[in-house]
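Trainee: sequence first, then the predicted structure:
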Amino acid sequence: MSPHSTFAERREFLQRSATAGALALVSPAFLPAALNLPAQVRIGLIGCGSVSGIYLPHLAKTPHVQVVSLCDIKPERAEKRGQEFNVSARYPNIEQMLAGEPFDLLVNLTNMQEHGKLNRAALLADRHVWSEKPLANSYAEGKALLELAGKRERRLWGAPAVVNSPQFAEMARILRDGQLGRVAAAHAHYGHTGPLWSAFFYEELGGSLPDLGVYNLATLTGLLGPAKSVMAMTSIITAQRTVDDKGTIDVQAEDNAMVLMEHNNGTLSHVQCGFNYFDPFGHEGEGQERPTISVWGSHGAMHLIGYDWAPQAVELSTIAHPVPKRLVTDAQSYVWEQGAAVVSRSLLSNEEPTISVQHALHVLEVIEAARQSQKTGQRVALESTFTWPMV
């Protein structure tokens with residue numbers, strides 16, 4: 001199949017999706033099959049390391065997607081995943097991948113330093129993109145990707161998917177209904193002793209903010225609205241690390257961070273994250289029954305039990321009902337790795353997911369502003385925003 005026929009096929013796919021969306025507005029019983037739409041979004045997944053071991057089993061169980069292409073600069077990893085998940089198209093670089101087996105959506109699970117250029121290459125080849133966090137390595141690069149996606153009439157989304165959880169939705173409803181009164185402050189934390197399998201976490205443009213803090217930043221801005229300004233301190237606690245792929249390395253990116261955000265109406269929130277946190281629940285956080293996110297107001301307080309990427313419940317106490325009550329104790333279908341499947345459903349139905357690229361771009365600007373604040377000692381004003389409230 002020639003590149004031109006591939007692009008034409010994708011344009012036809014989008015046109016059918018738009019028609020389907022129009023019908024969905026007038027026909028609640030609408031199914032993609034009714035208009036002979038493709039039943040599945042074809043996925044090309046790049047980055048066959050540790051995260052793919054979580055993504056691929058989830059995608060394999062998702063009926064509306066089909067993984068048709070795998071890519072990794074270490075070809076043996078793509079070969080291994082291909083054998084595990086019966087994907088025959090395997091490539092050693094993105095150029096061969098984009099010229100090979102046709103697909104609709106790139107799922108980018110590579111080292112975070114590579115995200116911006118790989119996402120750009122996919123958009124230029126007329127693919128939609130779901131990128132693990134961050135979607136780019138700077139706010140300017142992220143804005144350029146969003147502009148490119150618009151010009152190419154393609155969609156771009158970035159992790160994390162924390163706004164999809166029923167616990168997030170419940171907290172958003174509590175705030176919307178005014179149960180906490182005047183909201184004053186919020187706090188979130190997430191950390192562990194740091195990954196050992198790759199050096200990229202500790203190299204330039206890595207760090208605990210885009211790897212860990214990004215979850216809490218997405219949750220708090222999603223709940224409280226876009227941040228107006230940021231002040232922060234970051235540091236390096238462990239100057240050297242020994243990792244599987246490169247041995248002993250010097251740490252270049254922050255492994256310790258404290259970020260203070262100003263939202264509308266005087267609300268302040270704080271995120272702390274790092275790679276030097278002993279956690280008895282380990283890297284996976286299983287069994288975490290304590291709050292990791294708290295929001296306080298004049299008439300009540302609420303807490304997220306467990307991590308926002310693996311939530312357990314919402315705990316609420318108010319002036320009217322001061323004894324803490326646990327709500328939404330079931331994560332239902334939510335898992336942190338579901339983002340690619342969720343946006344694939346959006347491509348088929350033409351309905352907007354709660355996840356938005358503007359929100360991901362805002363969080364990226366917060367991270368960049370936090371690092372700038374550390375360098376200058378100053379508060380940094382933000383320019384980005386996103387549609388809010390999200391629920």
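Mentor: Sure, I can see it. Residues are numbered from 1 along each chain as shown.

Trainee: only C-alpha atoms from now on, for both contacts and neighbour counts.
Mentor: Fine.

Trainee: surely M171 and L316 touch.
Mentor: No. Using CA atoms under 8 Å, M171 makes no contact with L316, being 9.1 Å away.

Trainee: which one is A313 nearest to, not counting chain neighbours?
Mentor: Closest residue to A313 apart from its sequence neighbours, by CA to CA, 6 or more residues apart in numbering: T329 at 4.4 Å.

Trainee: need the residues touching each of M171 and L316.
Mentor: Both M171 and L316 are in contact with M302, where contact means CA atoms under 8 Å, 6 or more residues apart in numbering.

Trainee: any chance you could map the strands in the stretch 51-200 of the chain?
Mentor: Taking DSSP state E, counting those that start in this stretch, the strands of the stretch 51-200 of the chain run over residues 65-71, 89-91, 105-108, 128-131, 156-158, 183-191.

Trainee: hmm, I typed the wrong one, I wanted the stretch 201-350 of the chain.
Mentor: Using DSSP E, counting those that start in this stretch, strands in the stretch 201-350 of the chain cover 229-235, 240-243, 247-250, 256-262, 268-274, 291-297, 300-307, 310-318, 325-327.

Trainee: strands paired with the first one, and their directions?
Mentor: The one in question is strand 229-235. Sheet pairing of strand 229-235 (DSSP bridges) gives strand 256-262 (antiparallel), strand 380-381 (antiparallel).

Trainee: the residue nearest to A313 and Q312 touch, don't they?
Mentor: Yes. Here T329 reaches Q312: they are 5.6 Å apart, a contact under CA under 8 Å.

Trainee: redo the strands of the stretch 51-200 of the chain as TSV? Include mean neighbour count.
Mentor: TSV is the format used below for the strands of the stretch 51-200 of the chain (neighbours: other CA atoms under 10 Å):
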stretch	mean neighbour count
strand 65-71	24
strand 89-91	22
strand 105-108	27
strand 128-131	27
strand 156-158	25
strand 183-191	21
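
Trainee: would JSON lines of those with distance to T387 and mean pLDDT be doable?
Mentor: As requested, these are exported to JSON lines (distance: least, CA to CA, whole Å; pLDDT from 0 to 100):
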{"stretch": "strand 65-71", "distance to T387": "28", "mean pLDDT": "98"}
{"stretch": "strand 89-91", "distance to T387": "38", "mean pLDDT": "98"}
{"stretch": "strand 105-108", "distance to T387": "24", "mean pLDDT": "98"}
{"stretch": "strand 128-131", "distance to T387": "19", "mean pLDDT": "98"}
{"stretch": "strand 156-158", "distance to T387": "15", "mean pLDDT": "98"}
{"stretch": "strand 183-191", "distance to T387": "20", "mean pLDDT": "97"}
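
Trainee: mind giving me the domain split of this protein?
Mentor: What automatic domain parsing lists as the domains of the chain is 40-158, 162-381.

Trainee: I'd like to know which of these is closest to M390.
Mentor: domain 162-381 (6.6 Å; CA to CA).

Trainee: how far does the closest one sit from the chain's center?
Mentor: 11 Å (CA atoms, centre = their mean, to the nearest Å).

Trainee: what does stretch 65-78 rub up against?
Mentor: 39-49, 59-60, 81-82, 87-94, 97, 101-103, 341, 344.

Trainee: inside helices: which ones of the residues you listed?
Mentor: L59, A60, R81, G82, I94, M97, A341, S344 (DSSP state H).

Trainee: OK, contacts around E368?
Mentor: So E368 contacts S138, Y139 (CA under 8 Å, 6+ apart).

Trainee: output the lowest mean pLDDT helix or strand found in the protein.
Mentor: helix 3-26 (a mean of 36; mean pLDDT, DSSP states H and E).

Trainee: need the contact list for the residue nearest to G266 when sequence neighbours are not counted.
Mentor: Leaving aside its sequence neighbours, G266 sits nearest to A184 (CA to CA, 6+ apart; 7.0 Å). By CA under 8 Å, 6+ apart, the residues touching A184 are G266, T267, L268, V295, W296, G297, S298.

Trainee: just the buried members of those?
Mentor: T267, L268, V295, W296, G297 (16 or more other CA atoms under 10 Å).

Trainee: which single one of these is nearest to S208?
Mentor: Scanning the buried ones among the contacts of A184 for proximity to S208, where the rule is CA to CA, the winner is L268, at 21.3 Å.

Trainee: hmm, E262 and the closest one touching each other?
Mentor: Yes. Between L268 and E262 there is a contact under CA under 8 Å: 4.8 Å.

Trainee: from E368, how far off is the spatially closest residue to Q113 that is not a sequence neighbour?
Mentor: Residue nearest to Q113 in three dimensions, not counting chain neighbours: L205, with 6.0 Å by CA to CA, 6+ apart. Applying CA to CA, to the nearest Å, the value for L205 to E368 is 10 Å.

Trainee: what does G49 give?
Mentor: 26 Å.

Trainee: could you list the low-confidence segments of this structure?
Mentor: 1-38, 282-283, 285 (pLDDT under 70).

Trainee: report back the residue of it that's furthest from centre.
Mentor: Most distant from the centre of the chain: A320, at 36.1 Å, with distances by CA atoms, centre = their mean.

Trainee: for G181, see how far away it is.
Mentor: Noted for A320: a distance of 11 Å to G181, by CA to CA.

Trainee: please apply the same query to M97.
Mentor: For M97, the distance to G181 - CA to CA - is 53 Å.

Trainee: more crowded one of these two?
Mentor: Remark: of M97 and G181, M97 carries more neighbours, 22 against 17, as counted by other CA atoms under 10 Å.

Trainee: not counting sequence-adjacent ones, nearest residue to the more buried one?
Mentor: Residue nearest to M97 in three dimensions, not counting chain neighbours: Y91, with 5.6 Å by CA to CA, 6+ apart.

Trainee: tell me the contacts of the one you found?
Mentor: S69, L70, C71, D72, P75, A78, M97.

Trainee: same deal with F85?
Mentor: Counted by CA under 8 Å, 6+ apart, F85 has contacts L56, A60.

Trainee: and A253, by the same measure?
Mentor: A253 sits in contact with F201, Y202, E203, E204, L205, G206, G207, S208, I236, where contact means CA under 8 Å, 6+ apart.
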